[in-house]
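>>> Need coordinates for the following:
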Amino acid sequence: MKTDIPEGARAPMFWEAIVSLLSLVVGISVSIVIYGLDPQVPMLLGVVVASIVALRCGFSWKDIQSGMVNGIYNALPAMIILMIVGALIGVWILAGVVPTLIYYGLQILAPEIFLPACVIICAVTSLATGTSWGTTGTIGVALMGVGGGLGFPLPLVAGAVLSGAYFGDKMSPLSDTTNLAPAMAGTDLFTHIKHMSYTTGVSISITLVIEAVLGLKYSASGGDIERINSILTTLDSTFFINPVLFLPLFLVLFVSYKKMPAIPGIALGVIAGAICAAGLQGADYNAIASVAFGGYTSETGISDVDSLLSRGGLDSMMYTISLIIVAMMFGGVMERTNQLRVIADKILAAAKSTGSLVVSTVLTGIGANLILCDQYMAIVMSARSYAEAYKERGLAPENLSRVVEDSATVTANLVPWNSGGAYQAATLGVATLAYLPFNFFCWISPLVTILFGVMGWTMWKIDSQEEVPEASVERNL
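Got it, this is the predicted structure:
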């Protein structure tokens, strides 16, 4: 993924690129940890520092601005999806879709099986639809309500939801990232999925064991039956609760399975929700439009219900969208002015063995998510940077595609300013750093792939020199 250096400019030196990177990381860390501030302003300062470094290297302001604009352009689909998901959540609560899912979920999912059930439900949904974002924006939102009703800490529930959603997305032949990674590494889709099953199988097994233990621990302390009954009674008296309200959810999942692009697919869910709100809950146009923009405000007087249902709306996503815009400005400057390439090359030069090569690939994928703030750019960056190195060492390309997915794909949602982390935090209503420790699958996966690389387990050698043509991939967040 080499960036052309314009005439009159030079490649940044390693220390210059590190200055840009540290300005972002240190600025955000100090602002959040010490002062408890939002990250947008320190990120803007990072953009300033990266731009100054680029000017020092001879890049024109036109080149720098082009990088910023291209970075934002790459994130536009994610921002549009965020706005529509915000509207969908508000409308689905008003329509009774989310309350119905919570109502039946509280009666079906016992506390002792809830966490592993969350992982499995989200994994199956994401596997069938190929989209982690669609899974968390629909099934995930409902499970957050069920978990809250059962008394689970919401970060714990969010971790289980995301673990399942990213497992399914990562292993689904319908997923864009699962198609993109082998295309960039030079292998085919099903060879890639088969090879991922070794490390991914270990990661999801460990995750399920942890979730089962946590579920049993919660069960041993006993659930609050009175609290659950209070929530059920309030939901039943506030909304028309009926299984027919599952239809908008099934519609969104069906069109996702049929590979309808995410934006029209989720918009169709909003329309279906609006029809249910008008036809089954008696809502008028003013009420539907108001919750689509400003979100639903629950005023039942029961704090458990009000805290579960007061959310959503297009306006609630504006904070997250501002975060993505600033993050993509920084990533765009770093990518356009070759600063990220300099850092990646330095890491690659230190990789002397198969194990260190795998570690370098993982670090590059995670680093690209931190800097470029987009999992697709992270996948392309790490795959293209290391393709030749894997080939020179006689390692089959499916090794590279597996490592890239085990790092770049699953860690995007662990970075607060990455489009993935910002989306999931806004959708599930839990801060990225709050759910991070409990998103077991997504941080265990890089560790497992490093272990396999260091030990040489299932690191296949090249047995064919045939090239696999790159595939055309459409984003299906």
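>>> what's the neighbour count on residue 94?
Residues lying near residue 94 (other CB atoms under 10 Å) number 27. Using the backbone N, CA and C atoms, a C-beta is placed for each residue, glycine as well.
>>> Distance of it relative to residue 88?
11 Å (CB to CB, to the nearest Å).
>>> Now for those two: what residues contact both?
Common contact partners of residue 94 and residue 88 (CB atoms under 8 Å, 6 or more residues apart in numbering): residue 273.
>>> what mean pLDDT does the strand or helix carrying residue 165 have?
In this structure, residue 165 sits in helix 154-171 according to DSSP states H and E. For helix 154-171, the mean per-residue pLDDT is 96.
>>> and after it, which helix or strand comes next?
The first helix or strand that comes after helix 154-171 along the chain, using DSSP H and E, is helix 176-185.
>>> Report all helices and strands that that next one contacts.
Where contact means 3 or more CB pairs under 8 Å, 6 or more residues apart in numbering; DSSP states H and E, helix 176-185 is packed against helix 154-171, helix 189-221, helix 375-392, helix 397-404.
>>> Looking at these, spot the one closest to residue 257.
Closest to residue 257 of these is helix 154-171 (CB to CB; 12.1 Å).
>>> How far does that closest one sit from its chain's centre?
Distance of helix 154-171 from the chain centroid (CA atoms, centre = their mean, to the nearest Å) equals 9 Å.
>>> tell me what that helix is packed against?
Secondary elements touching helix 154-171 (3+ CB pairs under 8 Å, 6+ apart): helix 111-129, helix 132-135, helix 141-150, helix 176-185, helix 189-221, helix 419-428, helix 432-435, helix 440-455.
>>> Please identify the deepest-packed of those helices.
helix 132-135 (a mean of 30; mean count of other CB atoms under 10 Å).
>>> List of residues touching that one?
By CB under 8 Å, 6+ apart, the residues outside helix 132-135 that reach it are 81, 85, 122, 125-126, 129, 161-162, 164-166, 168-169, 175, 252-253, 256, 262, 265-266, 413, 423, 427, 476-477.
>>> Check stretch 242-253 too.
Residues contacting stretch 242-253 (CB under 8 Å, 6+ apart): 92, 95-97, 100-101, 104, 125, 128-129, 134, 138-139, 142, 265-266, 268-269, 272-273, 276, 280.
>>> In terms of mean pLDDT, which of the helices and strands packed on helix 176-185 ranks lowest?
Looking at the helices and strands packed on helix 176-185, the bottom one is helix 375-392 with a mean of 86.
>>> and the angle from that helix to helix 419-428?
Going by axes from the mean of the first three to the mean of the last three CA atoms, to 10 degrees, helix 375-392 is angled at 140 degrees with respect to helix 419-428.
>>> Give me the distance from helix 375-392 to the chain's centre.
The answer for helix 375-392 is 20 Å, by CA atoms, centre = their mean.
>>> Would you mark the buried spots in it?
Across helix 375-392, burial judged by 16 or more other CB atoms under 10 Å covers 375-387, 390-391.
>>> re earlier: filter the contacts of stretch 242-253 down to the ones in helices?
Using DSSP state H, the members of the contacts of stretch 242-253 that fall in helices are 92, 95, 97, 100-101, 104, 125, 128-129, 134, 142, 265-266, 268-269, 272-273, 276, 280.
>>> Any figure for the gap between residue 318 and residue 40?
Residue 318 is 12 Å from residue 40, where distance means CB to CB.
>>> Oh, that last question was meant for residue 314, not what I typed.
19 Å.
>>> got it, and residue 215?
Separation of residue 215 from residue 40 (CB to CB): 37 Å.
>>> same thing with residue 132?
Applying CB to CB to residue 132 and residue 40 gives a distance of 25 Å.
>>> for residue 104, same thing?
Residue 104 is 40 Å from residue 40, by CB to CB.
>>> which residue ranges form the helices in the stretch 201-350 of the chain?
Assigned by DSSP state H, counting those that start in this stretch, the stretch 201-350 of the chain shows helices spanning 225-238, 247-257, 262-280, 285-294, 303-309, 318-336, 339-349.
>>> Just want the angle from the third one to helix 247-257.
When you say that, I think you mean helix 262-280. 160 degrees.
>>> Show me what helix 262-280 is packed against.
Using 3+ CB pairs under 8 Å, 6+ apart, helix 262-280 is in contact with helix 61-95, helix 132-135, helix 247-257, helix 285-294.
>>> Pick the most deeply packed of these.
helix 132-135 (a mean of 30).
>>> Residue 169 versus the residue nearest to residue 198 when sequence neighbours are not counted, what's the distance?
Leaving aside its chain neighbours, residue 198 sits nearest to residue 458 (4.6 Å; criterion: CB to CB, 6 or more residues apart in numbering). Counting by CB to CB, the gap between residue 458 and residue 169 amounts to 22 Å.
>>> Pick out whichever of those two has more residues nearby.
residue 169 (31 against 14).
>>> wait, doesn't the more buried one sit right on residue 131?
Yes - counting by CB atoms under 8 Å, residue 131 is a contact partner of residue 169 at 6.4 Å.
>>> OK, contacts around residue 377?
Applying CB under 8 Å, 6+ apart, the residues near residue 377 are 74, 331, 335, 368.
>>> Where does the prediction get shaky in the stretch 1-150 of the chain?
1-3 (pLDDT under 70).
>>> give me that answer again for 50
Across the stretch 1-150 of the chain, residues meeting the criterion (pLDDT under 50) sit at 1-2.
>>> how about stretch 93-108: buried residues?
By neighbour count on 16+ other CB under 10 Å, the buried set for stretch 93-108 is 93-106.
>>> mind checking how far residue 17 is from residue 346?
To residue 346, residue 17 is 9 Å away according to CB to CB.
>>> what would the helices and strands packed on helix 176-185 look like in CSV with distance to residue 110?
Below are the helices and strands packed on helix 176-185 laid out as CSV (distance: least, CB to CB, whole Å):
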stretch, distance to residue 110
helix 154-171, 15
helix 189-221, 8
helix 375-392, 35
helix 397-404, 36
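>>> And those: which comes nearest residue 51?
For residue 51, the closest of those is helix 375-392, at 18.9 Å, according to CB to CB.
>>> Measure how that closest one sits relative to helix 61-95, angle-wise.
120 degrees.
>>> what angle do helix 375-392 and helix 397-404 make?
Between helix 375-392 and helix 397-404, the angle comes out at 140 degrees (the same axes, to 10 degrees).
>>> which residues sit in contact with residue 345?
By CB under 8 Å, 6+ apart, the residues touching residue 345 are residue 385.
>>> Quick check: it vs residue 381, distance?
12 Å.
>>> now residue 461
25 Å.
>>> wait, what's in contact with the nearest residue to residue 128 once chain neighbours are set aside?
Of all residues not flanking residue 128 in the chain, residue 257 sits nearest, at 5.6 Å (CB to CB, 6+ apart). Contacts for residue 257 (CB under 8 Å, 6+ apart) come out as 128, 129, 174.
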